[in-house]
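Visitor: fold the following.
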Amino acid sequence: MTRRPPARRRRRGGTSRRRKSRGSEELGLLGLAALAVVSLVVAILAWLAAHPWVVALLLLAGAGAGALWMRRRQEAARWERVRVQGLRYAVEHLDSLHHNDFEFAVRDLMHRDGCADAQKVGGRGDNGADVKATDPYGRRWVIQCKHRKAGWSGSAVGTPDLQVLNGTGRQIHGGDVLVMLTNGRFSKPALDFAKSQRLHLVDRHLLAQWATGSRPLWELLRAVPPPRKPASLS
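Guide: Now for the predicted structure:
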């Protein structure tokens, strides 16, 4: 009988040694990486300790970012409440507001109507704009607000105010629709000037219709410029 040659045994020792060597190399690389990270952190901490004003700036920046985040969160919650409840203002309520709050109310109404970027910009150096907004059709609105405590009985908004809006609304603010808005009235010369310069006027009666209703302002005004983009609400 012929004998079979003995089966060769696998050499496990070499494979095991290679695995151990590879594992050692990986551990060494990890150790070097950890050492580099620790060294970098130590260097940064040492540099910050030598420059404390940088730490102060970072803390201020962090506080500012946190405050901005909180403000945006509160604003988003406020807009959600407005959307759910539906925003309405009685014109008598608008009469009782401070002129600054009156501008905020106009901003809120524009936002209600779909102008997501509506903002109040009135104040010193506003260059004839109190509220700016972009409607859902891409048109840029520039609104100057004139609040009268006495409402219709107060002094009429005259041509000089309109001249300021006419001089800055398109050139400086890039407006497509320039609006002078008041809870009072306009003088006869102001009405004529607005018509000749393609300015839109919102007096007490039109303001009451807009603020107490649900139709956007561009549906209440005449001869509003055509949309800049296809109507998204049609």
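Visitor: which SSE is immediately downstream of the worst-scoring helix or strand of the chain on mean pLDDT?
Guide: Lowest on mean pLDDT, DSSP states H and E among the helices and strands of the chain sits helix 52-85, with a mean of 77. Using DSSP states H and E, the next helix or strand after helix 52-85 towards the C-terminus is helix 91-96.
Visitor: contacts only, for the residue nearest to residue 148 when sequence neighbours are not counted.
Guide: In space, and not counting its chain neighbours, residue 148 is closest to residue 154: 3.2 Å by Cβ to Cβ, 6 or more residues apart in numbering. Using the backbone N, CA and C atoms, a C-beta is placed for each residue, glycine as well. Neighbouring residues of residue 154 by Cβ atoms under 8 Å, 6 or more residues apart in numbering: 148, 184, 185.
Visitor: is residue 219 located within a helix, as I assumed?
Guide: Yes - applying DSSP: H, G, I helix; E, B strand; the rest coil, one finds residue 219 inside a helix.
Visitor: in the helix or strand harbouring residue 32, what's buried?
Guide: Per DSSP H and E, residue 32 falls inside helix 12-50. Within helix 12-50, no residue counts as buried by 16 or more other Cβ atoms under 10 Å.
Visitor: my guess is residue 121 contacts residue 133. True?
Guide: No - here residue 121 lies out of contact with residue 133, judged by Cβ atoms under 8 Å, at a distance of 10.2 Å.
Visitor: so for these two, which sits in the more crowded spot?
Guide: residue 133 (25 against 16; other Cβ atoms under 10 Å).
Visitor: is that one in a helix, a strand, or coil?
Guide: Relying on three-state DSSP, one would call residue 133 strand.
Visitor: tell me who's in contact with it.
Guide: 107, 110, 111, 115, 117, 118, 119, 140, 141, 143.
Visitor: ok, now how distant is it from residue 106?
Guide: 9 Å (Cβ to Cβ, to the nearest Å).
Visitor: do residue 135 as well
Guide: 14 Å.
Visitor: neighbour count: those two, which is higher?
Guide: residue 106 (29 against 24).
Visitor: quick check: the more buried one touching residue 132?
Guide: No - Residue 106 lies out of contact with residue 132 (Cβ under 8 Å); the separation is 10.8 Å.
Visitor: shared neighbours, these two?
Guide: The contact lists of residue 106 and residue 132 share residue 143, where a contact means Cβ under 8 Å, 6+ apart.
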